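Novice: Sharing a sequence plus its predicted fold:
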Amino acid sequence: MAREIGVYGKGGIGKSTIVSNTSAAIAEKGAKVMQIGCDPKADSTNSLLDGRYIPTILDTVLEADTVREFRSVDVSKVIFEGYRGIICAECGGPDPGIGCAGRGIITAIELMKEQGAFEKVNPDYVLYDVLGDVVCGGFAMPLRQGIAKQVYIVVSANFASLYAANNLCKAIVRFGERGGGKLAGLIANHISTPEEKEIVNEFAAMTKTEVIEYIPYSRELARSDLQGQTVIQSAPDSEIADVFRRLAAKIAEREQQIIPAPVQAPELRKWGQSCLERLQASGIKE
Amino acid sequence: MREVLSKILRGPRYACSLGGAMTTILAINRGVPLVHSSPGCGYNLTLGQVIASGYQGQGYTGGACIPSTRFTAKQVVYGGEDRLRQQLKATLDWVDSDFVAILTGCTADLIGDDIAAIAGEFNNGGVPVFHFTTGGFKGNSFRGHEIVLEGLASQLMKESARREKGQVNVFGVVPYQDIFWRGDLAEIRRLLEKLGLKPNMMFGHKVFGLESWRKAPEAELNLLLSPWVGMGFVKEFEQRLGVPYLVVPELPVGPTATSALLRKVGEKLNIDRELVEKVVAEEEKEAYYYLDDASDLYIDFGWHFNFAVISDSNLAIGITKFLTNDMGYVPHLVVITDDPPDKYREAIVNELSSLNHGLKPQVVFESNSDSIWEIVGKTEADVILGSSLDRPVAQQLSASHVCISRPAVERLITNNTLCGYRGGLELLAEIVTAAFRA
């Protein structure tokens, strides 16, 4: 039975980098991993594929103009083997400002299930890398019953990312009540100073969640990303590679289910203001 | 369970806003609706509506001929604009029309295809392309009808310095939803012409087309024959295009209401009173000639009816007034099925509470057939005037049934009308004939 994990977080926070590096670290231990990018940009799996872009599920299946053709698409055309045999797939979706990306994710995942893609691959882990806020039902698809059972939210000390995380907690509470995905923890990215660490910890305490790993800013990571590789592949002996190995081990073992307590927006804003003041104060001291 | 059931709309008497918009476009001569929606919307909605309106045919390009983009998953995910462009081009190439109206269904509206921009790409001096956002979730047929009125006003009509003496635009009769719309409008037109006016009929496929809409801003008056459908539109029309309006909250049925309508229009347009009275006298003379003979039934055989009406508001008011005020029948129940917005309901009740002899029927606003039948089942009416859906409840009551509202699947409707002097006579004949047969 595959462990199905959904990773959410504000756009641009580094979800794809974290998910790909984690996938690579899990695969390094010999497990069969499948990573599905749920973002119209379709670049979640690039660093598992030496920078290669793969045809998306939607581009492939929606070439069909009729429902009948649509149902008969061969799944092997949309899954690709990457670093250490990781099975990569990208949902894909429309260009910005047109169509419905949310519906695209629903369509792509439904099709993968209908066509028995998961049975064929038979992975030990499935990681869904899902874009941005859960702004509509489509982006919540992996949260629903029977898909991503464990959810991680990537945050940073940036207030907007914590605001998005708070919203994601609201969606997780809603779907959790219906038997959908449960929150397993927060992953803090770009954490280089004690103040930044304190901010995410305060957020976790306030929302009754838990940070399971802190990922520092890393030039090595940025470089390997640009090369189209994970640090597990390009810099296996680096410190940052070990951070991902640690994260992978935690994710592999983690069974905790957190019921988050998202706060109301005004309360969150007030707290954000106090953080800003503290950061400014510490900056002046330095 | 009851509470749950009461929220279900069973046996609806209208369709969604896309349905109302499509039939409205089909009622304009050589207007082609292009449905930007999932497969089935165009065919089912137009065919369903025209069949349920007394088999009025598919229109110019309704039913199986309706151009549609047949939205599939591809269009939902990637947007349907390219598909719309393709279908619009094909429609303009292949269908000989005076205008094309893009009408969106639910999915296209949800994903937000920019239909105005696409219509704009094709408006280069050829066949005009209009666009209407009519996703079914926006409301019922009446809202769809209003969206078309408002859209044509904003996309086509310009303020006119010129006034055409005697031109009256007629609104408020919703094509196909009022199953007698063709006959009703013909009767209104005939009467206005007798007053020396130039009625500008907005609907009447095969007869009245886009030209009526182009010249609408030159009118002296907008006549609205409804207590609410199109009310916002005629008010906006006055503000933006400077044409005043006259609201008559009913479809006039029989001599009393029809003569009142002619006098109101005459007064509003300063028509010579003598002419108005001459027309009224002539028409009434003929109407009463027949009514007088028919009234022997009442005197000789004691035929007198207690009635219930189930229909849209303008027709319900017209019928109730005629049967009560002109015929002396007793109104027991009026069920208004067109779901008027709350702000218009009090005025509708008032119209139905100012009848002769202080008679006050029970007035109910209800669109769900289950609830309608429950209420009708408790009346002592011996004539039920309603849709085909209401025949069983009439049989239960051992009452006779006359089909006057939508859905009407038990009769063919041609130029029949319940409106005007002629309509009153026709209604009376229908009621008595039904009673003989019952």
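Specialist: That came through fine. Numbers count the residues shown, from 1 in each chain, chains lettered A, B, ... in the order given.
Novice: got a list of what residue B:344 touches?
Specialist: Residues near residue B:344 by Cβ atoms under 8 Å, 6 or more residues apart in numbering or on different chains: B:227, B:228, B:231, B:313. Yep, even glycine has a C-beta here, placed from its N, CA and C like the rest.
Novice: Okay, and which of these map to helices?
Specialist: Among the contacts of residue B:344, DSSP state H puts B:231, B:313 in helices.
Novice: Tabulate the contacts of residue B:344 in CSV, adding columns for pLDDT and neighbour count.
Specialist: Below are those laid out as CSV (pLDDT from 0 to 100; neighbours: other Cβ atoms under 10 Å in any protein chain shown):
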residue, pLDDT, neighbour count
B:227, 98, 25
B:228, 98, 24
B:231, 97, 21
B:313, 98, 29
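Novice: which two in the contacts of residue B:344 are spaced the farthest apart?
Specialist: B:231 and B:313 (11.4 Å; Cβ to Cβ).
Novice: Count residues in the vicinity of the nearest residue to residue B:337 once chain neighbours are set aside, would you?
Specialist: Nearest residue to residue B:337 in three dimensions, chain neighbours excluded: residue B:13, at 4.6 Å (Cβ to Cβ, 6 or more residues apart in numbering or on different chains). For residue B:13, the neighbour count with other Cβ atoms under 10 Å in any protein chain shown is 28.
Novice: Is residue B:13 within a helix or a strand, and which one?
Specialist: Taking DSSP states H and E as the definition, one finds residue B:13 inside no helix or strand.
Novice: I figured it hits residue B:406, correct?
Specialist: Yes. Between residue B:13 and residue B:406 there is a contact under Cβ atoms under 8 Å: 5.5 Å.
Novice: any residues in contact with both of those two?
Specialist: Common neighbours of residue B:13 and residue B:406 (Cβ under 8 Å, 6+ apart) are B:312, B:387.
Novice: OK, contacts around the residue nearest the centre of chain B?
Specialist: Nearest to the mean C-alpha position of chain B, by Cα atoms, centre = their mean, lies residue B:174 at 2.1 Å. Applying Cβ under 8 Å, 6+ apart, we find residue B:174 in contact with B:20, B:24, B:141, B:142, B:145, B:181, B:226, B:229, B:312.
Novice: switch the cut-off to 10 Å
Specialist: B:14, B:20, B:23-24, B:27, B:141-142, B:144-146, B:181, B:203, B:226, B:229-230, B:312, B:314, B:338, B:406 (Cβ atoms under 10 Å, 6 or more residues apart in numbering or on different chains).
Novice: Same check on residue A:46?
Specialist: A:16-17, A:20, A:37, A:52-54, A:82, A:88, A:90, A:225, A:228-229.
Novice: Check the spacing between it and residue B:368 real quick.
Specialist: 55 Å (Cβ to Cβ, to the nearest Å).
Novice: what do you get for residue B:64?
Specialist: 31 Å.
Novice: got it, and residue B:216?
Specialist: On the measure of Cβ to Cβ, residue B:216 and residue B:368 end up 36 Å apart.
Novice: Residue B:164 too?
Specialist: Computed with Cβ to Cβ, the distance linking residue B:164 and residue B:368 is 44 Å.
Novice: neighbour count winner among these two?
Specialist: Between residue B:164 and residue B:368, residue B:368 has the larger neighbour count (other Cβ under 10 Å), namely 18 against 14.
Novice: Next, the residue lying closest to that one once chain neighbours are set aside: secondary structure please.
Specialist: Using Cβ to Cβ, 6+ apart and skipping residues adjacent in sequence, the residue nearest residue B:368 is residue B:9, 5.3 Å away. Following DSSP: H, G, I helix; E, B strand; the rest coil, residue B:9 is assigned to coil.
Novice: Could you report the separation of residue B:9 from chain A?
Specialist: For residue B:9, the distance to chain A equals 24 Å [Cβ to the nearest Cβ, to the nearest Å].
Novice: With residue B:246 instead?
Specialist: 46 Å.
Novice: and that residue, bridged to which residues?
Specialist: Beta-bridge partners for residue B:246, by DSSP bridges, are residue B:223.
Novice: now residue B:36
Specialist: residue B:104.
Novice: Look up the pLDDT of the residue nearest to residue B:304 when sequence neighbours are not counted for me, please.
Specialist: The shortest distance from residue B:304 to any non-neighbouring residue, by Cβ to Cβ, 6+ apart, is to residue B:298 (6.1 Å). Per-residue pLDDT puts residue B:298 at 77.
Novice: Just confirm residue B:298 contacts residue B:328, I think it does.
Specialist: Yes. Counting by Cβ atoms under 10 Å, residue B:298 touches residue B:328, with 7.6 Å between them.
Novice: overlap in contacts of the two?
Specialist: B:304, B:305.
Novice: Around chain A, which positions in chain B sit nearby?
Specialist: For chain B, the residues in contact with chain A (Cβ under 10 Å from any Cβ of the partner chain) are B:39, B:70, B:72-83, B:107, B:110-114.
Novice: Just the ones in helices from the residues you listed, please.
Specialist: B:73, B:74, B:75, B:76, B:77, B:78, B:81, B:82, B:83, B:107, B:110, B:111.
Novice: neighbour-wise, which of those residues leads?
Specialist: Neighbour max across these (other Cβ under 10 Å) = residue B:77, 30 neighbours.
Novice: What's the separation between that one and residue A:56?
Specialist: If you go by Cβ to Cβ, the gap between residue B:77 and residue A:56 works out to 10 Å.
Novice: Need the overlap of contacts for those two.
Specialist: Common contacts of residue B:77 and residue A:56 (Cβ under 10 Å, 6+ apart): A:40, A:62, A:91, A:92, A:93, A:104, A:108.
Novice: In contact with the first one, which residues?
Specialist: With contact set as Cβ under 10 Å, 6+ apart, residue A:40 has these partners: A:56, A:58, A:90-96, A:99, A:101-102, A:104-105, A:131, B:77-78.
Novice: related to what we said a few turns ago, need the overlap of contacts for residue B:231 and residue B:313.
Specialist: B:249, B:340, B:344.
Novice: of these, closest to chain A?
Specialist: residue B:340 (33.2 Å; Cβ to the nearest Cβ).
Novice: how near is the residue in the stretch 201-350 of chain B positioned nearest to chain A to residue B:12?
Specialist: Nearest residue of the stretch 201-350 of chain B to chain A, counting by Cβ to the nearest Cβ: residue B:339, 28.6 Å away. For residue B:339, the distance to residue B:12 (Cβ to Cβ) stands at 10 Å.
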